[in-house]
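K.L.:
With the sequence up front, the predicted model follows.
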Amino acid sequence: MSGNPRACVLLGLCLALAANASAEEPRTAVAAELASQIEDHIAAKEHEAAGKLLGRFLSEHYHSTFRDRILLRAAALAARLGEPEEGVDLLIEARTWGTKLPPEFRIIAKGRPLGRGPSMRPSPNDYWEDGIPVRKNALPFSTSKRPPDLQLCLVAKAALTSIEKGKWSTRSADKPRKCAIRAYEELLRKHRRSRYAIHALRDLPAIYARTGMLKEALAALGKLRERDPEHEVATTEGMAFHRALLEAEHWFRKQADDTNMPIAKVTAPLDQLVMADVSDEYAARATYEKGRLLDRLGRAGKAGLAYEQVLKRWPRTEVAPEALARIGQKHYKRGLNLGKIKGPFGPDPDAERAAADARAREEYRKAAAPFAKVFREHPEHKLAAKSGVLAGNNWLRARDYDKAIEIYRAVIAKADDYDYHVVAEGMYWLGDCLVRTKDIAAARKVWRRLSGDYPETKWAKYARARLAEKGE
C-alpha cells in the first residue's frame, strides 16, 4: 500500500466518507429528538421553552429534514406571542426553500392575509440595513438570528419569491431583483466559500438578464461553469442553451421599454439555437421557452404554435408534458373569456348567448384533452395529479359529467402518490359532479370521506358547508 499513493488517497477518501456517514446518523437523531421536544412544548403551551429550543434547532440543525416543519411551527408561535411581523418573515423564509404553506399557516399580518399575492412581498427596503435584514427585539428563533451568509441568501430568495407570488409588471419587478442582486453580490464578496454562495451563482445570471444587464449575466454564467461542474452549463450544449435563454430574457426586458421592437428579435437567440446542431432535448426546451416568452408578451396564438411544435417534433422529451399543459391552459382561458361575454347582443340575444356558451364549452373540451393526456401518459410527472383535476374541471364546465367523474376517480385512486391538497380538490369536485347527475347519496359519501381524510384543507371546509346545505 505504501508504494501506491493513489490507493492511499482512495482509502483515505473512503474512510472519510464512512466517518461522515457515521457522524450524520447521531446528528439526525439529535435533530429528531429536538423537533419532538419542540412539538411537546408547543402542545403544552410552554412558549418560552419552545422558543429557546426553536432557536437552538435553527442554529444547529438548519439543514436537517425537519427544517420546513420547524419553520412553520416557529411562524405560528411568533403569531401567538404577538409578533406577526416575525411570523411573516419566518413564513417567507419557509417559502424561499419551496415549502408549501398549509391553510392554517396563512396568518393575518397588517390586516392582510399571508400566502398569496402582494402580501408575500418581503418589502426589502423595510428591513435592509447595511446589507443584512434586521428586526429590533427579535425572538430567539427569528430570521435575523441566522448567520450573515444565510441571511443574505434569504433576503435574495425572498425578493425573488415575491416576484413569483405577486403581480409585478416587468419594470416594477426590477426593484426586488436589484435587492436580490445586492444581497447575492455581498454574499459572494464577503462569504465566497459559504455553502450558500452556490445559490447566488445559480440565480444571478437570470436576475441580471431580466434586469437588462446582459454583460453581467454572461459573466455570472461563466463563473457558475467554473464553480459547479455538476451543473448543465458545464456541457457545451447546456452552456449554449443558457446563453441563448439569457439573451432572450435580456431582449424581453428591452422590449418592455421599446414596444416597437419586433417580437422576432426577442425570440431570435432561441430560434438560432434550434436551427443549430443540438440534441432533441435542448431543441425542445428552447422551443418551449420561446412559447413561454411569447405568452408573457401577450402573443397567446404564437405561443400555442411553439408548444404544438414541441409535441410534433419532440414528443418524448421532458418538456412535452409541460407543453401539453400550456395548450390546455390556453383553451381554458379562451373558454373563460367566452363565458364572460355579457353583450351587447343583436336582435336574438338568447340565441347569441346560447351560441357563446356552446363555443365556451367546446374550448373547455379542447382544454380537457391535453390535461387528461398529461395525467394518463405521464403519470410520474410533477404535473400529472393537477392535470387530472384540471381535466375534470374542464369537462365539468363543458357539462361532460361522466368523463369528469371518471378522471376524478382515477386521481383519487392514486391518492398515496399525489399531493393531498390536489386529491382533496378532486374529491370535492367529484361530489359536485355527482350532485349535478342527481346522485346525492354518492356525493354525500365522497364529501364525508373528504372531511375525514383531509379535514384541514379548504376543500374539506367547502365539503362540510355543502353537507350542511343537504341537512347534515
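P.N.:
Right, received. Where do you want to start? Not measured: the values here are computed from a predicted model.
K.L.:
okay, CA-based contacts and neighbour counts for the rest of this
P.N.:
Will do.
K.L.:
Contacts only, for residue 35.
P.N.:
By Cα atoms under 8 Å, 6 or more residues apart in numbering, the contact list for residue 35 reads 57, 66, 70.
K.L.:
Quickly note the distance from the first one to residue 395.
P.N.:
Taken as Cα to Cα, to the nearest Å, the spacing of residue 57 relative to residue 395 amounts to 48 Å.
K.L.:
if I pick residue 300, what's in contact with it?
P.N.:
294, 330.
K.L.:
pLDDT score for it?
P.N.:
In this model, residue 300 is scored at 88, pLDDT.
K.L.:
Just send the contacts of residue 35 back as a markdown table, with pLDDT too.
P.N.:
Formatted as a markdown table, the contacts of residue 35 follow (pLDDT from 0 to 100):
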| residue | pLDDT |
| --- | --- |
| 57 | 87 |
| 66 | 82 |
| 70 | 84 |
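K.L.:
got TSV for the residues you listed, with distance to residue 353 and neighbour count too?
P.N.:
Listed next are these as TSV, based on distance: Cα to Cα, whole Å; neighbours: other Cα atoms under 10 Å:
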residue	distance to residue 353	neighbour count
57	61	24
66	55	17
70	53	20
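K.L.:
out of the residues you listed, which one sits closest to residue 188?
P.N.:
residue 57 (26.2 Å; Cα to Cα).
K.L.:
can you tell me the helix or strand for the closest one?
P.N.:
helix 47-60 (DSSP states H and E).
K.L.:
who touches the very next helix or strand once past that helix?
P.N.:
Later in the chain than helix 47-60, the nearest helix or strand by DSSP H and E is helix 67-80. Identification of contacts with helix 67-80 by Cα under 8 Å, 6+ apart yields 35, 42, 47, 51, 54, 58, 61, 84, 86-91, 93-94, 99, 105, 107, 139, 141.
K.L.:
then helix 67-80 to PDB, C-alphas only?
P.N.:
Output of helix 67-80 as PDB, limited to C-alpha atoms (Å, rounded to 0.1, in the frame of the first residue of the first chain):
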ATOM      1  CA  ARG A  67     -36.400  22.300   8.900                       C
ATOM      2  CA  ASP A  68     -39.600  23.100   6.900                       C
ATOM      3  CA  ARG A  69     -41.900  21.800   9.600                       C
ATOM      4  CA  ILE A  70     -39.900  23.700  12.300                       C
ATOM      5  CA  LEU A  71     -40.100  27.000  10.400                       C
ATOM      6  CA  LEU A  72     -43.900  26.700  10.200                       C
ATOM      7  CA  ARG A  73     -44.100  25.900  13.900                       C
ATOM      8  CA  ALA A  74     -41.900  29.000  14.600                       C
ATOM      9  CA  ALA A  75     -44.100  31.200  12.500                       C
ATOM     10  CA  ALA A  76     -47.200  30.000  14.300                       C
ATOM     11  CA  LEU A  77     -45.600  30.600  17.700                       C
ATOM     12  CA  ALA A  78     -44.500  34.100  16.700                       C
ATOM     13  CA  ALA A  79     -48.100  34.900  15.900                       C
ATOM     14  CA  ARG A  80     -49.200  33.600  19.200                       C
END
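K.L.:
packing partners for the helix or strand just after it?
P.N.:
Using DSSP H and E, the helix or strand that follows helix 67-80 towards the C-terminus is helix 84-96. Counting contacts by 3 or more Cα pairs under 8 Å, 6 or more residues apart in numbering; DSSP states H and E, helix 84-96 packs against helix 67-80, strand 108-109, helix 148-165.
K.L.:
in the chain, what spans have low per-residue confidence?
P.N.:
Residues of the chain meeting the criterion pLDDT under 70: 1-27, 101-138, 164-170, 341-346, 470-472.
K.L.:
What residue spans form the domains of it?
P.N.:
Listed domain ranges for the chain are 27-109+123-146, 147-234, 419-472 (source: automatic domain parsing).
K.L.:
Any chance of JSON lines for the ones you listed, columns distance to residue 315?
P.N.:
As requested, the domains of the chain are exported to JSON lines (distance: least, Cα to Cα, whole Å):
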{"stretch": "domain 27-109+123-146", "distance to residue 315": "29"}
{"stretch": "domain 147-234", "distance to residue 315": "22"}
{"stretch": "domain 419-472", "distance to residue 315": "26"}
